[in-house]
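Asker: 3D, please:
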Amino acid sequence: MVILQRNEVNRNRVLHFLTLLLSGVVLAGIAVAYSSQAEPVQLLLVLMGFMAATALFLSLIQLYAYPRRSQVLLFHRDEEMVVATNSLHEGFKLRFLRDVLGEHVASFSDEDRARWKSLEEDGFYATLYIRSVRKVMMLRLCTMIFDDVFVADRHGRWEHHDSSRTAEPSFSKREMPRLKSKTNAG
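Answerer: Numbering: from 1, shown residues only. This next block holds a predicted model:
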């Protein structure tokens with residue numbers, strides 16, 4: 001598995017847009033010049049058109065598969081924390097957190113699973129139940145791994161740390177994620 005840095009992913013996206021543009025220009029040029037060319041040149045133009053169409057198709061696939069921003073919700077309740085994420089396909093991040101936190105990770109009870117089930121309507125899944133970990137350490141780990149980190153305390157106050165440009169955001173905003181369901185962090 002290849003893990004790309006955030007700025008590398010953005011550069012790749014720019015390259016895919018440029019490939020789309022160049023392929024479109026090449027295909028338009030071939031369409032205009034094809035009929036007025038000799039037969040050997042037409043064969044070359046067909047080959048170039050095939051390569052441009054292939055590049056166009058592959059770039060569209062790459063842009064469609066462009067990774068979403070990974071978001072994590074931290075529900076902090078005294079000595080307990082629940083981690084919910086929108087990107088289960090990035091299980092390596094969750095395994096990393098589980099390995100670092102070790103014995104602090106516990107299993108969800110049936111009541112806890114039922115309680116956090118409402119997050120699934122919004123595309124978030126409660127994945128880790130953590131005990132006796134300082135909020136600062138957990139926040140630091142999550143900002144290193146995820147693009148957006150939302151923290152809710154037991155009083156319903158939210159913090160948003162945008163880590164998409166740097167793993168060390170210098171400030172947080174008082175905003176909560178867009179959730180359809182009301183979650184009780186208390």
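Asker: can you map out the strands along this protein?
Answerer: Using DSSP state E, the strands of the chain run over residues 71-77, 80-85, 105-106, 125-131, 148-152, 158-162.
Asker: Tell me the backbone dihedrals of the residue of the chain most remote from its centre, please.
Answerer: Each residue of the chain has a distance to the centre, and by Cα atoms, centre = their mean the biggest one is for Ala38: 49.8 Å. For Ala38, the backbone dihedrals (degrees, to the nearest 10) come out as phi -70, psi 170.
Asker: I'd like the strands of the chain as CSV, with mean neighbour count appended.
Answerer: Where C-beta positions appear, they are placed from N, C-alpha and C, glycine not excepted. Formatted as CSV, the entries for the strands of the chain read as follows, by neighbours: other Cβ atoms under 10 Å:
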stretch, mean neighbour count
strand 71-77, 22
strand 80-85, 22
strand 105-106, 15
strand 125-131, 18
strand 148-152, 22
strand 158-162, 18
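Asker: For the longest helix seen in the chain, name the packing helices and strands.
Answerer: Longest among the helix segments of the chain by residue count, using DSSP state H, is helix 6-33. Under the contact criterion of 3 or more Cβ pairs under 8 Å, 6 or more residues apart in numbering; DSSP states H and E, helix 6-33 touches helix 39-64.
Asker: Give the other helices and strands that the helix it packs on contacts.
Answerer: Secondary elements touching helix 39-64 (3+ Cβ pairs under 8 Å, 6+ apart): helix 6-33.
Asker: Would you tell me which of the strands of the chain gets closest to Tyr64?
Answerer: The closest of the strands of the chain to Tyr64 is strand 71-77. By Cβ to Cβ, the value is 20.0 Å.
Asker: and the angle from that closest one to strand 125-131?
Answerer: Angle between the axes of strand 71-77 and strand 125-131 is 40 degrees (criterion: axes from the mean of the first three to the mean of the last three Cα atoms, to 10 degrees).
Asker: Pairing partners for strand 71-77, with directions?
Answerer: In the sheet containing strand 71-77, its partner strands are strand 80-85 (antiparallel), strand 148-152 (parallel), by DSSP bridges.
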